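**Student:** Just to be clear, the model below is a prediction. Sequence and coordinates:
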Amino acid sequence: MKRWRELGAGLIVPVLVVLAWHLATAGGWVDPHKLPSPEAVVKRWVEYLLPLQPYESGSKLTWAFSGELIGDTIGSMYRVLAGFAIGAGLALPLGLGMGASPRVYALFNSLVQILRPIPPIAFIPLSMLWFGLGNAPAIFLIALGAFFPVLVNTIAGVRQVDGIYLRAARNLGARGSTMFLRVILPAAVPYILSGVRIGIGTAFIVVIVAEMVAVNNGLGFRISEAREYFWSDKVIAGMITIGVIGLAIDAGMNRLNNHLLRWHRGLEH
Amino acid sequence: MAQAHIVIEHVSKVFSSGGREVVALQDIDLVIPRGQFTCLLGPSGCGKSTLLNAVAGFAPPTSGIIRADGKPVVEPGPERGMVFQEYALFPWMTVADNIGFGLEIKGMPNAQIAQRVDDLLAMLSLGDFRQRYPKDLSGGMRQRVAIARVLALDSPIMLMDEPFGALDALTRRNLQDELLRIWQQLHKTILFVTHSIEEAIYLADRIVVMTYRPGIVKRDLLVELPRERDPSSPEFNALKRELGALVMEEQQRHHSEELRMAAVD
């Protein structure tokens, strides 16, 4: 009951905004090429979602998923996941090493500090020179975008492990890999997860930009393409899709967080 | 008397703090027989925790030597189990995993670990908390888990650094009784740091009163009161008065030293 009321309260402002949007367009106050009506956007979104061709033969399922929106979403998500897996997969061991060993830290830190402030977007020209067009440069950029947040947080996580845990573990006889895998790593997990969260957010930003310049499908490509045809309704339909997927990723991360950190004092629910 | 279990010989510890040399321990000599319950008593800053940490092997003394079971102490180890004031339970492990962790490190087979953990859960009345995480436990329950974690290793020596300092009075008495029961049952040698005079008299066979910087042994006495001790008895209170005067002298020195340092700053 309370949940429904909270949900209802949360909907008031969005509904008012859509209503104002509707009134503004229905009243003819704005140029529909610049701001189409919400109804037009919904109509366009449904067209975008549905299959392009009428059903002829073969698998119904394949046909049902043959719409542009679904193809674009799968394409974008594939790039995000592949890029994130590469970036985080490299950052995690390096971050653990840099956090645990002052020598490894001294070796890599200056390079990290020089590269880290360069926004991944600034690597677009180079990535296209190196990898051409298509998935490769996009995945490279996304990996780069995910790499640094995960790296920096992993280093901080390992370095800020409370000394009392190390002492207690040493007292129990823990050394070497046991100390690292059973004590240092789990103690660093809250930091690592916040890095993962920032990293996946960055990956999602980068995929849209990368698709606008280097790929010819995906949500970023589609809204950029729609702009060329002055289809503002499709641009907005694409943007809303991006927003919903972003929200879904965040909700998924939240659940993962709550599961992995169920022992953590900060989470009491 | 029983054989020596912990031998502390000419132990000194000097560290620098804010550019000054602080003598935390000066030429401490103590022989602790097997099975004795010894309390190190003194105000904060008197070096009692420093001495305990040296015996644990966390921070070696600047000079002198500590032997446990005849072997020089060079590093921390499970034969000298430590219970910390801050519990130091691993928050990402359940109660059962915390207790079994030391055995896992030793390489004990899982079935045996489970059996041992079960026994300890029962011994410390923790059965209902087996799969809970430390964050769900009260301070008293956490300290029970920390004690069980050390008992799991079957350490002949238990080192306890103000383990009940953060607990309320009732929980504290409850755990003191529990500890005495375990000590009598398992014949541990216990070295227990506290600044509570009453706690020391209630628990210890022997009380070692330490001075504020430099930390030396000011008084080393055996508590002859019969157990179960009654804190309201005249004998208990006579001893409490006597030790109270000793400890307060050191507390005063600590306090005036702090004021002096503040004036220098």
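**Tutor:** Okay, I see it. Residues are numbered from 1 along each chain as shown, chains lettered A, B, ... in the order given.

**Student:** In the helix or strand hosting B:Ser256, which residues are buried?
**Tutor:** Under the criterion of DSSP states H and E, B:Ser256 resides in helix B:234-264. Under the neighbour-count criterion of 16 or more other C-beta atoms under 10 Å in any protein chain shown, helix B:234-264 has B:Phe236, B:Leu239, B:Lys240, B:Leu243, B:Leu246, B:Val247, B:Glu250, B:Gln251, B:Arg253, B:His254 buried. In this view, the C-beta of every residue, glycine as well, is placed from N, C-alpha and C.

**Student:** helices and strands around it, which ones?
**Tutor:** Secondary-structure packing of helix B:234-264 (3 or more C-beta pairs under 8 Å, 6 or more residues apart in numbering or on different chains; DSSP states H and E): helix B:197-203, strand B:206-210, strand B:217-222.

**Student:** For burial, what's the neighbour tally of A:Met212?
**Tutor:** A:Met212 has 18 neighbouring residues, counting by other C-beta atoms under 10 Å in any protein chain shown.

**Student:** just B:Lys71 next, same as before
**Tutor:** 10.

**Student:** Likewise for A:Pro14?
**Tutor:** Neighbours of A:Pro14 using other C-beta under 10 Å come to 9.

**Student:** and the gap between it and A:Ile242?
**Tutor:** 17 Å (C-beta to C-beta, to the nearest Å).

**Student:** Same check on A:Ile86?
**Tutor:** 22 Å.

**Student:** quick one, which of those two is more surrounded?
**Tutor:** Ranked by neighbour count (other C-beta under 10 Å), A:Ile86 and A:Ile242 place A:Ile242 first, with 20 against 17.

**Student:** got the contact list for the nearest residue to A:Ala138 once chain neighbours are set aside?
**Tutor:** Counting by C-beta to C-beta, 6 or more residues apart in numbering or on different chains, A:Ala210 is the residue found nearest to A:Ala138 once chain neighbours are left out, at 3.9 Å. Contacts for A:Ala210 (C-beta atoms under 8 Å, 6 or more residues apart in numbering or on different chains) come out as A:Arg79, A:Ile124, A:Ser127, A:Pro137, A:Ala138, A:Leu141, A:Ile142, A:Gly220.

**Student:** ok, now A:Leu69?
**Tutor:** A:Trp45, A:Tyr48, A:Leu49, A:Thr241.

**Student:** How about the secondary structure of the one residue sitting closest to the centre of chain B?
**Tutor:** Residue closest to the average C-alpha location in chain B (C-alpha atoms, centre = their mean): B:Met160, at 2.0 Å. The local conformation at B:Met160, judged by DSSP: H, G, I helix; E, B strand; the rest coil, is strand.

**Student:** The one 3 residues further on now?
**Tutor:** At B:Pro163, secondary structure determined by three-state DSSP is coil.

**Student:** circling back: export the buried residues of helix B:234-264 to JSON lines and tack on pLDDT and distance to A:Leu181?
**Tutor:** Listed next are the buried residues of helix B:234-264 as JSON lines, based on pLDDT from 0 to 100; distance: C-beta to C-beta, whole Å:
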{"residue": "B:Phe236", "pLDDT": "97", "distance to A:Leu181": "49"}
{"residue": "B:Leu239", "pLDDT": "96", "distance to A:Leu181": "49"}
{"residue": "B:Lys240", "pLDDT": "96", "distance to A:Leu181": "49"}
{"residue": "B:Leu243", "pLDDT": "96", "distance to A:Leu181": "47"}
{"residue": "B:Leu246", "pLDDT": "92", "distance to A:Leu181": "48"}
{"residue": "B:Val247", "pLDDT": "91", "distance to A:Leu181": "45"}
{"residue": "B:Glu250", "pLDDT": "87", "distance to A:Leu181": "44"}
{"residue": "B:Gln251", "pLDDT": "88", "distance to A:Leu181": "45"}
{"residue": "B:Arg253", "pLDDT": "86", "distance to A:Leu181": "47"}
{"residue": "B:His254", "pLDDT": "86", "distance to A:Leu181": "43"}
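
**Student:** so which of the residues you listed would you say is closest to chain A?
**Tutor:** B:His254 (24.4 Å; C-beta to the nearest C-beta).

**Student:** quick one: buried residues of whichever strand or helix holds A:Ile240?
**Tutor:** Per DSSP H and E, A:Ile240 falls inside helix A:232-260. Buried residues in helix A:232-260, counted by 16+ other C-beta under 10 Å: A:232-238, A:241-242, A:245, A:249, A:253, A:257, A:260.

**Student:** what sits against residue 167?
**Tutor:** No chain in the question, so chain A it is. Taking C-beta under 8 Å, 6+ apart as the test, what A:Arg167 contacts is B:Phe58, B:Pro76, B:Met82, B:Phe84, B:Ala88.

**Student:** Correction: the question concerned chain B.
**Tutor:** With C-beta under 8 Å, 6+ apart, B:Leu167 has these contacts: B:Gly139, B:Gly140, B:Gln143, B:Leu175.

**Student:** So what touches the host helix or strand of the third one?
**Tutor:** In this case it means B:Gln143. Using DSSP H and E, B:Gln143 sits in helix B:139-152. Here helix B:139-152 makes contact (C-beta under 8 Å, 6+ apart) with A:172, B:81-84, B:87-89, B:95, B:98-103, B:116-117, B:120-121, B:123-126, B:129, B:134, B:137, B:158, B:163-164, B:166-168, B:171, B:174-175, B:178-179, B:182, B:186.

**Student:** What's the ChimeraX line that selects buried ones from those residues?
**Tutor:** Buried subset of the contacts of helix B:139-152, written as a ChimeraX selection, criterion 16+ other C-beta under 10 Å:
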select /A:172 /B:81,82,83,84,87,88,89,95,98,99,100,101,102,103,116,117,120,121,123,124,126,129,134,137,158,163,164,167,171,175,178,179,182
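
**Student:** Filter the contacts of helix B:139-152 down to the ones in strands?
**Tutor:** In this view, the contacts of helix B:139-152 that belong to strands under DSSP state E are B:Gly81, B:Met82, B:Val83, B:Met158.

**Student:** report the angle between the axes of the helix or strand where B:Ile113 lies and helix B:139-152?
**Tutor:** Following DSSP H and E, one finds B:Ile113 within helix B:110-123. Relative orientation of helix B:110-123 versus helix B:139-152 (axes from the mean of the first three to the mean of the last three C-alpha atoms, to 10 degrees): 140 degrees.

**Student:** Helix B:110-123 packs against which elements?
**Tutor:** Counting by 3+ C-beta pairs under 8 Å, 6+ apart, helix B:110-123 packs on helix B:95-106, helix B:139-152.

**Student:** State the helix or strand in which residue 190 lies.
**Tutor:** If you meant another chain, say so; for now it's chain A. helix A:185-214.

**Student:** oops, I was thinking of chain B
**Tutor:** Assigned by DSSP H and E, B:Ile190 falls in strand B:189-194.

**Student:** what lines up beside that strand in the sheet?
**Tutor:** In the sheet containing strand B:189-194, its partner strands are strand B:37-41 (parallel), strand B:157-161 (parallel), by DSSP bridges.

**Student:** Show me which residues of stretch A:191-201 are buried.
**Tutor:** A:Tyr191, A:Ile192, A:Leu193, A:Ser194, A:Gly195, A:Val196, A:Arg197, A:Ile198, A:Gly199, A:Ile200, A:Gly201.

**Student:** Flag every residue of chain B that's near chain A.
**Tutor:** Residues of chain B lying close to chain A by C-beta under 8 Å from any C-beta of the partner chain are B:56, B:58, B:75-78, B:80-82, B:84, B:86, B:88-93, B:101-102, B:105-106, B:133-135, B:149, B:153.

**Student:** Can you list the low-confidence ranges for chain A?
**Tutor:** Scanning chain A for pLDDT under 70 picks out the ranges A:1, A:266-269.

**Student:** Helices - which of the contacts of A:Ala210 land there?
**Tutor:** Under the assignment DSSP state H, those contribute A:Arg79, A:Ile124, A:Ser127, A:Pro137, A:Ala138, A:Leu141, A:Ile142, A:Gly220 to helices.
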